[in-house]
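Novice: Would you be able to build a 3D model of this:
(chains A and B)
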Amino acid sequence: SQTIHQWPATLVQPVGSPLSLECTVEGTSNPNLYWYRQAAGRGLQLLFYSVGIGQISSEVPQNLSASRPQDRQFILSSKKLLLSDSGFYLCAWSVKNTEAFFGQGTRLTVV
Amino acid sequence: DQQVKQNSPSLSVQEGRISILNCDYTNSMFDYFLWYKKYPAEGPTFLISISSIKDKNEDGRFTVFLNKSAKHLSLHIVPSQPGDSAVYFCAAIGSNYQLIWGAGTKLIIKP
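Specialist: Below you'll find the predicted structure:
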């Protein structure tokens, strides 16, 4: 069966510090991978998606970047965090044109 | 411009009654729709989906209805249970396999 791991679950980081959130998927090959952010009281905002190794599409210009060094690994990064980067970050995977399955999320607080 | 809209931020329903969650979309090219359920500080979990070639899909207590002419879909939960209290997201699959999300509706089941 397929599983998705996302870590850490919570993170408190000072403004200006770097960020690295990691997501790995098991039990499937060549999945589509996604990073979403949920801001308080709002829906899910797609940040990045990837259809293959090294292929990253960015949906919104921002202080974040994503990388996919391996087929089932997706990393969300920032060189210098801003206060506005605080939020709930979700990794997800899907196989082509089907439903997506989500990790448990990371609560990021930038202080 | 929101392509998927959930106009009710919250909904309160008595336990045992029917919960009806609504979703409207603007893009007639969407051909696959999904409903997700989300508890606080967790990732969304997939509930049920419907293809545009159908007008109804049923899975246990959950039924999704699609009205293509009205660009409207709804999720019915019968009977509603306390554990159904959560935020429900409607989503459509757009180009490049991206999920286009509504803002969510918070469902509260009253005992």
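Novice: Quickly list what residue A:7 is bridged to.
Specialist: residue A:22 (DSSP bridges).
Novice: give me every residue that touches the closest residue to residue A:31 other than its chain neighbours.
Specialist: By the measure of C-beta to C-beta, 6 or more residues apart in numbering or on different chains, the closest residue to residue A:31 outside its immediate chain neighbours is residue A:93, 4.1 Å from it. Quick note: C-beta positions are derived from backbone N, CA and C, even for glycine. Applying C-beta atoms under 8 Å, 6 or more residues apart in numbering or on different chains to residue A:93 gives the contacts A:2, A:4, A:25, A:28, A:31-34, A:100-101.
Novice: how near is residue A:93 to chain B?
Specialist: 11 Å (C-beta to the nearest C-beta, to the nearest Å).
Novice: Around chain B, pick out the residues from chain A.
Specialist: Contact residues (C-beta under 8 Å from any C-beta of the partner chain) of chain A with chain B: A:6, A:32, A:34, A:41-46, A:49, A:51, A:57, A:59, A:88, A:90, A:92, A:94, A:96-105, A:107.
Novice: out of those, which are buried?
Specialist: Using 16 or more other C-beta atoms under 10 Å in any protein chain shown as the burial test, these include A:6, A:32, A:34, A:43-46, A:49, A:88, A:90, A:92, A:94, A:99-103, A:105 as buried.
Novice: State whether the residue nearest to residue A:31 is indeed within a strand.
Specialist: Yes - membership of residue A:93 in a strand is supported by DSSP: H, G, I helix; E, B strand; the rest coil.
Novice: For it, list each beta-bridge partner.
Specialist: Beta-bridge partners, per DSSP bridges, of residue A:93: residue A:33, residue A:101.
Novice: What residue in chain B comes nearest to chain A?
Specialist: In chain B, the residue that lies nearest chain A is residue B:43 (3.3 Å; C-beta to the nearest C-beta).
Novice: Can you check the pLDDT for the spatially closest residue to that residue that is not a sequence neighbour?
Specialist: Closest residue in space to residue B:43, ignoring its immediate chain neighbours: residue A:102 at 3.3 Å, by C-beta to C-beta, 6+ apart. On pLDDT, residue A:102 comes in at 88.
Novice: Now do the same contact list for residue A:102.
Specialist: A:4, A:90-92, B:36, B:43-45.
Novice: Residue B:51 versus residue B:39, what's the distance?
Specialist: Distance, residue B:39 to residue B:51, using C-beta to C-beta, to the nearest Å: 27 Å.
Novice: wait, I meant residue A:65
Specialist: 35 Å.
Novice: So, low pLDDT: which residues of chain B?
Specialist: B:1, B:95-97 (pLDDT under 70).
Novice: What residues does it have near chain A?
Specialist: Residues of chain B that fall close to chain A, judged by C-beta under 8 Å from any C-beta: B:6, B:9, B:32, B:34, B:36, B:41-46, B:49, B:89, B:93, B:96-99, B:101-104.
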